[in-house]
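Peer 1: Next comes the sequence, and after it the predicted model I'd like to discuss.
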Amino acid sequence: MTDIHYAIAAARPGGPDVLQQTELSLPPPAAGEVQIRHRAIGVNFIDCYFRSGLYPWPDPQRLVPGAEAAGEIIAVGPGVTALREGDRVAYTLPNNAYASARNIAAAHVVILPDGLSFETAASVMLKGLTTRYLLKDSYRLQAGEQVLFHAAAGGVGLLAGQWMRVIGVEPVGTAGGPAKCDLALSNGFATMIDYREQDFLEAARALVPEGFHAVYDSVGKDTLLKSLKCLRLHGSLVNFGQSSGAVSDFRIADLAAGSFHLTRPVLFHFTSNRRWLEKASEELFGLILDGRIRVQTQTAPLTSAAQVHADLEGRKTTGSTVLIP
């Protein structure tokens with residue numbers, strides 16, 4: 001029997017207005033799959049990248065965005081033994097989360113501990129696990145190192161500021177406007193640079209003349225070349241997004257200015273390793289439950305996804321936005 005649900009989908013790449021509510025026919029879960037009724041769905045820039053066509057669509061005729069969600073299992077497919085109906089779970093995986101329910105391979109799903117809400121889980125699966133690989137895997141951050149983190153008031157930035165404090169780092173962040181800078185300062189950042197009021201490169205060099213051990217850059221086109229100039233010799237630039245657009249003027253020779261290291265990691269290359277997913281999720285959930293990481297979450301109806309995308313791309317949001325079906 002096929003159940004009827006709904007999704008927010010696009011029939012062509014474009015702006016937020018291409019997102020429309022549509023009926024979703026959901027068959028029973030196949031072997032190795034579970035069916036999840038979504039209770040909360042996270043919103044991320046990667047959703048906008050896919051919607052706009054910047055990233056290629058898995059199906060050229062239709063896209064359901066969304067890369068993280070939480071809910072309860074309502075059906076279990078053949079061969080699934082570690083999960084059962086009623087389990088509270090969450091996942092992160094590209095696309096198909098903007099829906100009232102979905103089928104998904106059980107290998108991508110983790111069980112939520114008691115005390116962790118659906119809204120919190122949906123807001124941290126992608127952003128929290130991204131923070132984990134940024135600070136522990138892409139560059140293994142050490143206590144006392146100098147770090148510059150762009151978009152410090154965003155969903156990843158607010159988690160990273162707190163997690164870096166746990167590690168023993170007093171990070172410098174960038175954000176646009178006093179309100180966002182104040183928010184980042186209250187979430188672990190020791191010093192903030194308001195890029196609307198000053199050139200972040202000049203301000204960063206004044207703060208740390210010897211250069212930073214690492215710069216984390218999810219902005220892309222507007223910042224990447226200047227981010228390189230913020231590094232010390234042998235420093236590392238971790239580029240994990242391009243909210244301002246794709247970088248087109250970078251050359252490999254630019255790294256020779258300081259024997260710099262550059263990496264462009266992708267979360268799903270980490271989460272495809274089940275052991276990493278379980279260990280990283282357990283660490284993330286533990287930091288939240290013991291209060292060392294606080295999560296900033298705002299909610300909106302799933303049906304308002306287009307407006308949420310417009311606000312996100314207009315840099316009008318802070319923290320994490322969660323859609324409620």
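Peer 2: Structure received.
Peer 1: The closest residue to P65 other than its chain neighbours in helix, strand or coil?
Peer 2: Distance criterion CB to CB, 6 or more residues apart in numbering; nearest residue to P65, sequence neighbours excluded, is D47 at 4.1 Å. For every residue, glycine as well, the C-beta is placed using N, CA and C. Classification of D47 using DSSP: H, G, I helix; E, B strand; the rest coil returns helix.
Peer 1: Neighbours of D47, how many?
Peer 2: 28 (other CB atoms under 10 Å).
Peer 1: List the contacts of it.
Peer 2: Counting by CB atoms under 8 Å, 6 or more residues apart in numbering, D47 touches P65, G66, A67, Y98, H309.
Peer 1: now G15
Peer 2: Contacts of G15 (CB under 8 Å, 6+ apart): S52, A310.
Peer 1: Look up how far W163 lies from G188.
Peer 2: Applying CB to CB, to the nearest Å, the value for G188 to W163 is 7 Å.
Peer 1: same question but for L224, I mixed them up
Peer 2: 23 Å.
Peer 1: again with A10
Peer 2: 33 Å.
Peer 1: Same check on G144?
Peer 2: In terms of CB to CB, G144 sits 15 Å off from W163.
Peer 1: same check, this time on P265
Peer 2: 16 Å.
Peer 1: Compare those two (neighbour count), which wins?
Peer 2: Higher neighbour count among P265 and W163: W163, with 24 against 16, using other CB under 10 Å.
Peer 1: and R37, how many neighbours?
Peer 2: Using other CB under 10 Å: R37 sits among 16 other residues.
Peer 1: do S304 as well
Peer 2: 15.
Peer 1: can I assume it sits in a helix?
Peer 2: Yes. Counting by three-state DSSP, S304 falls inside a helix.
Peer 1: Please state the backbone phi and psi of the residue nearest to it when sequence neighbours are not counted?
Peer 2: Leaving aside its sequence neighbours, S304 sits nearest to L323 (CB to CB, 6+ apart; 7.7 Å). When quoted as degrees, to the nearest 10, the phi and psi of L323 stand at phi -90, psi 140.
Peer 1: Could I get the contacting residues of L323?
Peer 2: Per CB under 8 Å, 6+ apart, neighbours of L323: 40-43, 66, 98, 299-302, 304-305, 308.
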